[in-house]
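Trainee: below: sequence and its predicted model.
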Amino acid sequence: DTGVSQDPRHKITKRGQNVTFRCDPISEHNRLYWYRQTLGQGPEFLTYFQNEAQLEKSRLLSDRFSAERPKGSFSTLEIQRTEQGDSAMYLCASSVMVGGGTDTQYFGPGTRLTVL
Amino acid sequence: AQSVSQHNHHVILSEAASLELGCNYSYGGTVNLFWYVQYPGQHLQLLLKYFSGDPLVKGIKGFEAEFIKSKFSFNLRKPSVQWSDTAEYFCAVNKPNFGNEKLTFGTGTRLTIIP
């Protein structure tokens, strides 16, 4: 299967600890998105990369959050000094612009974070 | 800011019943529209999408959706549901451009099909 993969699938941490999640997009997809989904809600946009450049960050992304995509392939999302409110499913999606059309985002399985 | 409303939070149907899930969006410009489905224990999968052209779009597994621009709606339909359609359904919208095409999702509709 060459879909979007995310690691780890589940993470339990104590409040105040740092956590890092990884996303491997579909090969040759130049666009990568991070979303967060809480119980009973749809996914909410966090940040967007085109190749290695982080081009937009949501106001949901506080200073404790940082994301990278160093070589335009995989991406990492780090949360420093986690808080209980950070508990959520973190989703990664990738896409590619073909010609003059618009893209379709393909989602990974997500990383479920629980902050105790 | 654009927003998406899904008014049906939980729908329960018997097998073979017809399905219509509502989706309304608020955005005054050109939009792309999507329906994603999340089966129990699985990740979000694309059901169908509308970019332009025929406002009636067909997706996988017998689903279809109709874009009605005047009503800002993109309702999902299926003439006869199956037990395997039990899942959570999300409507999403984005603004086409040559950069960030972030999706704005509705809160989702949980569909339960009774055998």
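Mentor: Sure, I can see it. Residues are numbered from 1 along each chain as shown, chains lettered A, B, ... in the order given.

Trainee: quick check: the gap between the residue nearest to the spatial centre of chain A and residue A:4.
Mentor: The structure's chain A has its C-alpha centroid closest to residue A:34; by Cα atoms, centre = their mean the separation is 3.0 Å. Noted for residue A:34: a distance of 11 Å to residue A:4, by Cβ to Cβ, to the nearest Å. Using the backbone N, CA and C atoms, a C-beta is placed for each residue, glycine as well.

Trainee: so what's residue A:47 up against?
Mentor: Residue A:47 makes contact with A:33-34, A:54, A:56-58, A:61, A:67, A:77, according to Cβ atoms under 8 Å, 6 or more residues apart in numbering or on different chains.

Trainee: next one: residue A:79
Mentor: Residues in contact with residue A:79 (Cβ under 8 Å, 6+ apart) are A:18-20, A:64-65, A:86, A:113.

Trainee: hmm, try it at 6 Å
Mentor: A:19, A:64-65, A:86 (Cβ atoms under 6 Å, 6 or more residues apart in numbering or on different chains).

Trainee: same thing with residue A:30?
Mentor: Listed by Cβ under 6 Å, 6+ apart, the contact set of residue A:30 reads A:51, A:96.

Trainee: gap between it and chain B?
Mentor: Residue A:30 sits 11 Å away from chain B, going by Cβ to the nearest Cβ, to the nearest Å.

Trainee: and residue B:69, backbone torsions?
Mentor: phi -60, psi -40 (degrees, to the nearest 10).
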